[in-house]
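S.K.: Starting from these lines, generate the structure:
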Amino acid sequence: IEAVRNLLDRINNERTVEAPYNQQSYRLARMTYLLELLGSPQNAAPIVHIAGTKGKGSVAWLIAETLRRSGLRTGLYTSPHLEHLEERFVIQGEPISPAELIEALPKLARAADQCTHSEHGAPTFFEMTTALAWMLFQHAGTDANVIEVGLGGRLASTNVCHSSLCIITSISYDPQQHLGNTLDLIAGEKAGIIKPGVPVIHGAKAPEARDVIRSVARDHGCSLWELGRDFEGEGSWQRLDLSRSARAHRSVFTFRSHPPLPPLSLAAGGSLALRMLGAHQADNASLAVAAWLQLRSQGWQLSESALAEALAETQVPARIESVAQHPYTIVDSAHNEASIAALLETLENAFDAERRTIIFACSKDKKVAEMVRLLVHFADRLIVTQYRSNPRFVPVERLEQMARDEASRSLRRIDLFSAPDISTAMDFVRRDHRPKDLVCVTGSFFIASEAKSAIRSARSLDDQIRDSTS
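M.R.: Purely as a prediction, here's the structure:
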């Protein structure tokens with residue numbers, strides 16, 4: 001218990017909007033010292049290091065699954081978690097157990113205490129979870145580790161590793177209050193993960209972001225593969241009729257590479273199944289395929305079947321994840337303007353719905369008005385709420401007023417409701433739904449987590465009612 005408290009009581013920048021992204025709050029020297037106290041576990045296995053504004057979690061999962069299915073014992077570190085801390089630490093495709101977490105914490109706590117009493121000061125929650133990931137992976141004897149950057153890149157606690165491949169996903173304005181208010185500044189922070197001579201793959205599309213990444217890669221003597229120049233991918237899918245029983249919904253994904261990149265020579269001729277939906281997921285899959293090509297060129301023994309299986313079967317939690325039927329319900333962790341726009345485009349194109357209900361809550365450090373505007377212009381019914389698991393939430397009263405103001409300005413007819421919490425909102429849509437209703441919960445990792453918990457609780461209650469009446 002004491003070891004768990006030692007971790008959870010640390011400064012947690014995921015729960016505040018106040019911590020500045022600078023060398024006072026994010027100290028790589030402290031992280032390096034903490035890892036030295038633990039025996040430098042970050043050096044135990046090759047690393048694929050992934051930064052970006054959005055998409056990095058999906059890319060990390062796809063690459064980790066490709067490595068695992070190729071026979072490599074693989075560790076995956078992502079953040080934040082949805083429901084349980086153990087979700088951040090994935091070994092061989094499965095989160096660690098609570099017992100494994102508790103077993104590792106005393107050693108981490110001793111190192112953290114020693115660090116606290118040194119010139120480096122007390123490590124933060126994210127620094128400790130990052131160190132914990134490498135400890136766990138070393139103990140498990142992983143052959144390769146896929147590490148997702150938490151915030152930024154240059155000063156991120158993950159940036160003390162010596163990677164075999166650096167990947168930068170898309171670049172957008174979130175969270176600009178930490179990283180800068182222009183795309184070139186944000187790209188510069190993300191490009192901070194680039195190491196001398198280490199190959200770089202990126203998916204940035206804005207010219208100013210691409211220019212920065214190119215410049216940093218050139219200055220570090222790195223080879224560079226770019227989405228849209230050296231490779232690209234495209235996904236297509238049939239619209240799902242929600243009046244029928246739900247079925248596995250996959251897109252047909254086509255990947256193309258251009259010289260000097262090697263071609264994708266799969267038996268399918270470059271066409272693959274992709275479990276995760278959306279044009280943005282086609283971009284993410286393209287980055288994963290490019291990573292597969294790059295690592296194979298480095299001599300990694302990665303199979304073609306493993307790549308195909310990873311793309312076809314990987315569903316990252318809360319990325320357009322189908323979680324319930326009657327009504328057909330999706331949970332998605334989109335939390336900025338760009339990711340909300342990508343989500344709504346996918347919902348429009350992939351689902352044949354009679355009525356579209358959005359349940360929305362978000363954090364106060366986001367572009368709230370822009371997200372609300374997109375939702376008001378898309379939804380037939382919008383239910384605003386707030387989450388309970390983090391103090392960063394926007395109060396539901398403010399969201400409701402913003403939505404009503406936007407609906408009034410746009411003269412759009414939309415049913416607007418508010419709910420004090422996600423359970424109330426979910427109960428409402430369960431009582432009031434039609435056969436072809438589509439429900440989507442979005443706006444934050446925190447509301448996605450609470451939605452999944454609420455749905456699970458409702459199922460348990462339904463099961464109890466059925467048992468009592470049978």
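S.K.: quick one: low-confidence ranges for the chain?
M.R.: For the chain, the stretches with pLDDT under 70 are 1-6, 8-26, 174-180, 243-248, 266-270, 460-470.
S.K.: Which residue lies nearest the spatial centre of it?
M.R.: Centroid-nearest residue in the chain, with CA atoms, centre = their mean: Gly57, separated by 3.4 Å.
S.K.: got a list of what that one touches?
M.R.: 78, 148, 316, 319 (CB atoms under 8 Å, 6 or more residues apart in numbering). Backbone N, C-alpha and C define where each C-beta goes, glycine included.
S.K.: Please repeat the previous calculation with a cut-off of 7 Å.
M.R.: 78, 148, 316 (CB atoms under 7 Å, 6 or more residues apart in numbering).
S.K.: so which of these comes closest to Arg381?
M.R.: For the contacts of Gly57, the closest approach to Arg381 (CB to CB) belongs to Val316, at 26.7 Å.
S.K.: my read: that closest one touches Ser58, true?
M.R.: Yes - checked against CB atoms under 7 Å, the pair Val316 and Ser58 is within contact range at 5.1 Å.
S.K.: So for the two, which residue has more residues nearby?
M.R.: Ser58 (25 against 20; other CB atoms under 10 Å).
S.K.: if I've got this straight, the residue nearest to the centre of the chain is in a helix?
M.R.: Yes - assessed with DSSP: H, G, I helix; E, B strand; the rest coil, Gly57 lies in a helix.
S.K.: can you list residues touching both of Val316 and Ser58?
M.R.: Met276.
S.K.: how near is Leu347 to His433?
M.R.: From Leu347 over to His433 the distance is 16 Å, taken as CB to CB, to the nearest Å.
S.K.: Can you pick out the residue with more neighbours from the two?
M.R.: Taking neighbours as other CB under 10 Å, Leu347 and His433 compare with Leu347 leading, 22 against 17.
S.K.: that older thread, what about the residue nearest to the centre of the chain, distance to Thr169?
M.R.: The spacing between Gly57 and Thr169, counted by CB to CB, is 9 Å.
S.K.: Please apply the same query to Gly39.
M.R.: In terms of CB to CB, Gly39 sits 31 Å off from Thr169.
S.K.: what's the answer for Leu240, then?
M.R.: In terms of CB to CB, Leu240 sits 27 Å off from Thr169.
S.K.: Looking at these two, which one has more neighbours?
M.R.: Higher neighbour count among Leu240 and Thr169: Thr169, with 27 against 18, using other CB under 10 Å.
S.K.: Could you find the closest non-adjacent residue to the more buried one?
M.R.: Closest residue to Thr169 in three dimensions, ignoring its sequence neighbours and counting by CB to CB, 6 or more residues apart in numbering: Gly52, at 2.9 Å.
S.K.: Show me the strands in the stretch 151-300 of the chain, by range?
M.R.: 165-168, 200-202, 224-226, 231-236, 240-241, 251-257, 271-274 (DSSP state E, counting those that start in this stretch).
S.K.: Serialize the ones you listed to JSON lines and add fields for distance to Ala448.
M.R.: JSON lines is the format used below for the strands of the stretch 151-300 of the chain (distance: least, CB to CB, whole Å):
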{"stretch": "strand 165-168", "distance to Ala448": "24"}
{"stretch": "strand 200-202", "distance to Ala448": "27"}
{"stretch": "strand 224-226", "distance to Ala448": "31"}
{"stretch": "strand 231-236", "distance to Ala448": "22"}
{"stretch": "strand 240-241", "distance to Ala448": "21"}
{"stretch": "strand 251-257", "distance to Ala448": "22"}
{"stretch": "strand 271-274", "distance to Ala448": "21"}
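S.K.: Minimum distance to Leu295: which of these has it?
M.R.: strand 165-168 (6.4 Å).
S.K.: Dump that closest one to CSV, restricted to CA.
M.R.: Taking C-alpha atoms only, strand 165-168 is exported to CSV below (Å, rounded to 0.1, in the frame of the first residue of the first chain):
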residue,chain,number,x,y,z
LEU,A,165,13.7,4.1,-35.0
CYS,A,166,12.0,7.4,-34.4
ILE,A,167,8.5,8.0,-35.5
ILE,A,168,6.6,11.3,-35.5
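S.K.: Partner strands of it and their direction?
M.R.: With DSSP bridges as the test, strand 165-168 is paired with strand 47-51 (parallel), strand 200-202 (parallel).
S.K.: can you put those strands in a markdown table and add distance to Leu7 and mean neighbour count?
M.R.: Formatted as a markdown table, these follow (distance: least, CB to CB, whole Å; neighbours: other CB atoms under 10 Å):
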| stretch | distance to Leu7 | mean neighbour count |
| --- | --- | --- |
| strand 47-51 | 23 | 27 |
| strand 200-202 | 33 | 27 |
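S.K.: Let me have these in TSV, extended by distance to Asp437.
M.R.: Formatted as TSV, the strands paired with strand 165-168 follow (distance: least, CB to CB, whole Å):
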stretch	distance to Asp437
strand 47-51	36
strand 200-202	39
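S.K.: With Arg110 as the reference, name the closest of those.
M.R.: Of the strands paired with strand 165-168, nearest to Arg110 by CB to CB is strand 47-51, at 24.9 Å.
S.K.: can I get the CA coordinates of that closest one in CSV?
M.R.: Only the C-alpha atoms of strand 47-51 are listed here, as CSV (Å, rounded to 0.1, in the frame of the first residue of the first chain):
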residue,chain,number,x,y,z
ILE,A,47,13.3,0.8,-28.8
VAL,A,48,10.9,2.2,-31.3
HIS,A,49,10.2,5.7,-30.0
ILE,A,50,7.0,7.5,-31.1
ALA,A,51,5.9,11.1,-30.7
